[in-house]
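[1] Using only what follows, build the 3D model:
(4 chains)
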Number of protein chains: 2
Amino acid sequence: MTPALQSESLTRSVEDYLKAIYQLSPEGRPASTSEIAHHLALSAPSVTGMVKRLSEHGLLEHVPYRGVQLTDEGRRAALRMVRRHRLIEAYLVEFLGYTWDTVHGEAEQLEHAVSDTMIERMADALGNPSVDPHGDPIPAADGSIHELACTPLSDMAVGETVELHRVHESQPERLRYIASIGLKPGARLTVTDRQPYDDLVTVEVDGVQHVIGRELGHVLLCVRTEAR
Amino acid sequence: MTPALQSESLTRSVEDYLKAIYQLSPEGRPASTSEIAHHLALSAPSVTGMVKRLSEHGLLEHVPYRGVQLTDEGRRAALRMVRRHRLIEAYLVEFLGYTWDTVHGEAEQLEHAVSDTMIERMADALGNPSVDPHGDPIPAADGSIHELACTPLSDMAVGETVELHRVHESQPERLRYIASIGLKPGARLTVTDRQPYDDLVTVEVDGVQHVIGRELGHVLLCVRTEAR
DNA sequence: TCGCAAAATTAGGCTAACCTAAATAGCTTG
DNA sequence: CAAGCTATTTAGGTTAGCCTAATTTTGCGA
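    The predicted model follows:
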């Protein structure tokens, strides 16, 4: 393995790859070349090439034709990017009048450009929050992260009342729709109906009924509560 | 000339070149290859190569062996970068606890990464300031810039009382020294002595005398005032 | 278990930006 | 006014990161 890349010297591309691989491999399941390519909007051969370089630098392990896993060093770098991204999102909403549908793209750029010092200043200004505006947990500076156990809305039974914790979506248009029907982290909702086809569930939010399809139901991560 | 580069598509490097050339050519005097190379810490051949590309894209005019001047389009792009840089500096000092000696490097990165929207939000949060923490004027969003007529301290005569308006310096260590002797934009100082060698002038700031050499004297830009 | 489709990799190329070494243009001065 | 120094440009090469086309591997279904 080539002399370790210092954390400073990771390029933008490398940072993007590491973050993508981290997000594509929950519980350390390997990520495939085509998943990574799709996530980053690149061709598969480009990914193969970069994966080779990154594994030579000790940031990940690649078993040809089998997939890719981050090493501890790679995971550390990935979590650093996730922390940056989510803190930036939180800062933009809190201090610069952004709404949750517009922060992703801006953060995607800034996460590569901001110094560690500035990130920590932003964290301080925010009071070291534990979640970002979508409810996603913000890894600590030491790399620890506490994922709250959530269940997708689509797995909830009729009659359950739940609190919405996370909204796993980054497309602005979809986020605007979600917000428009009152769904934000912290919202309380009750499952009032469920169709035997297509995982369609009906929920009541703020006294209004909405039908939620399969795709959306997987994006809305909830925690069960007692009805109030 | 090749189809105009859209403003969005300028690379980091191109933005740096344009800003450098702008800063190296007051009143439209052409900038030389070696000046640009020195300013950007690049080799002269690299500059020749980039200059050729930029002039093909209509951002500047190059007369071989004679130097380089920005076109209107190039100047617009350069002023956009200067605006970004200075607003970012102001924002970091005002809202994130930075001091004037530490903002330059951070802004140098951020100026390439921040969206136009975010820049304008920062400007609003600051109340659309006209100068940055070093007293340098911030170009307006439309590209207009109002340079206050200043005189270097080294040109002041004994007995004059002046107000310090701009400090043309970006090296952290030097800025810390300057601040440590009470010199900040807005400071009032009186020239109490002048040596017949080396342009050494003695000034009184807050009742304390300091000897200022030639280099520093050129960096401190002042406006004459009546003694109070 | 054979054959085929999908996934992955290899081969070969391109562009932006940088570099060093070599050649040339322009200025200055004896 | 020629010699020589300096500034600049040309020539040729490198690296990172991307691409398409061709090839190879894997796994699945008949």
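[2] for the longest helix along chain A, packing partners?
    For chain A, the longest helix by residue count, based on DSSP state H, is helix A:72-95. Identification of packing neighbours for helix A:72-95 by 3 or more C-beta pairs under 8 Å, 6 or more residues apart in numbering or on different chains; DSSP states H and E yields helix A:12-24, helix A:103-113, helix A:116-126. Where C-beta positions appear, they are placed from N, C-alpha and C, glycine not excepted.
[3] and those helices as a markdown table, adding distance to DNA strand C, mean pLDDT and mean neighbour count?
    A markdown table is the format used below for those (distance: least, C-beta to the nearest atom of the strand, whole Å; pLDDT from 0 to 100; neighbours: other C-beta atoms under 10 Å in any protein chain shown):
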| stretch | distance to DNA strand C | mean pLDDT | mean neighbour count |
| --- | --- | --- | --- |
| helix A:12-24 | 11 | 98 | 20 |
| helix A:103-113 | 16 | 98 | 20 |
| helix A:116-126 | 24 | 98 | 17 |
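[4] which one of those helices lies closest to chain B?
    Chain B lies closest to helix A:103-113 among the helices and strands packed on helix A:72-95, at 3.6 Å (C-beta to the nearest C-beta).
[5] hmm, that closest one touching DNA strand D?
    No. Using C-beta under 7 Å from any atom of the strand, we find that helix A:103-113 stays clear of DNA strand D, coming within 11.0 Å at best.
[6] That helix to helix A:12-24, inter-axis angle?
    Angle of helix A:103-113 versus helix A:12-24, following axes from the mean of the first three to the mean of the last three C-alpha atoms, to 10 degrees, is 130 degrees.
[7] Test my guess that residue A:120 contacts residue A:140.
    No. Look at residue A:120 against residue A:140 with C-beta atoms under 8 Å: they stay out of range, at 11.2 Å.
[8] Am I right that residue A:191 sits in a strand?
    Yes. Residue A:191 forms part of a strand when assessed by DSSP: H, G, I helix; E, B strand; the rest coil.
[9] what residues are up against it?
    Listed by C-beta atoms under 8 Å, 6 or more residues apart in numbering or on different chains, the contact set of residue A:191 reads A:153, A:156, A:157, A:158, A:159, A:160, A:161, A:162, A:201, A:202, A:203.
[10] so how far is residue A:39 from the nearest residue to residue A:76 once chain neighbours are set aside?
    Nearest residue to residue A:76, sequence neighbours excluded (C-beta to C-beta, 6 or more residues apart in numbering or on different chains): residue A:143, at 5.4 Å. Computed as C-beta to C-beta, to the nearest Å, the residue A:143 to residue A:39 distance reads 22 Å.
[11] And the average pLDDT for the helix or strand where residue A:69 lies is what?
    Here residue A:69, judged by DSSP states H and E, is contained in strand A:67-70. Per-residue pLDDT values over strand A:67-70 give a mean of 96.
[12] Help me see whether it makes contact with DNA strand C, please.
    Yes. Counting by C-beta under 7 Å from any atom of the strand, DNA strand C has neighbours in strand A:67-70: residue A:67.
[13] what's next to that strand, contact-wise?
    Outside strand A:67-70, the residues that touch it by C-beta under 8 Å, 6+ apart are A:18, A:21-22, A:25, A:28, A:30-33, A:36, A:51, A:55, A:59-62, A:78.
[14] Please list the members of these that lie in strands.
    Of the positions in the contacts of strand A:67-70, A:60, A:61, A:62 sit in strands, assigned by DSSP state E.
[15] tell me, how many neighbours does the residue nearest to the last one when sequence neighbours are not counted end up with?
    Think residue A:62. Once flanking residues are discounted, residue A:62 sits nearest to residue A:55: 4.4 Å by C-beta to C-beta, 6+ apart. Residues lying near residue A:55 (other C-beta atoms under 10 Å in any protein chain shown) number 18.
[16] do the one 5 residues further on as well
    Burial of residue A:60 is recorded as 26 neighbouring residues (other C-beta under 10 Å).
[17] do the same with residue A:144
    Using other C-beta under 10 Å, residue A:144 has 8 neighbouring residues.
[18] Next: residue A:165.
    21.
[19] Over to it. Which of the three states is it?
    strand.
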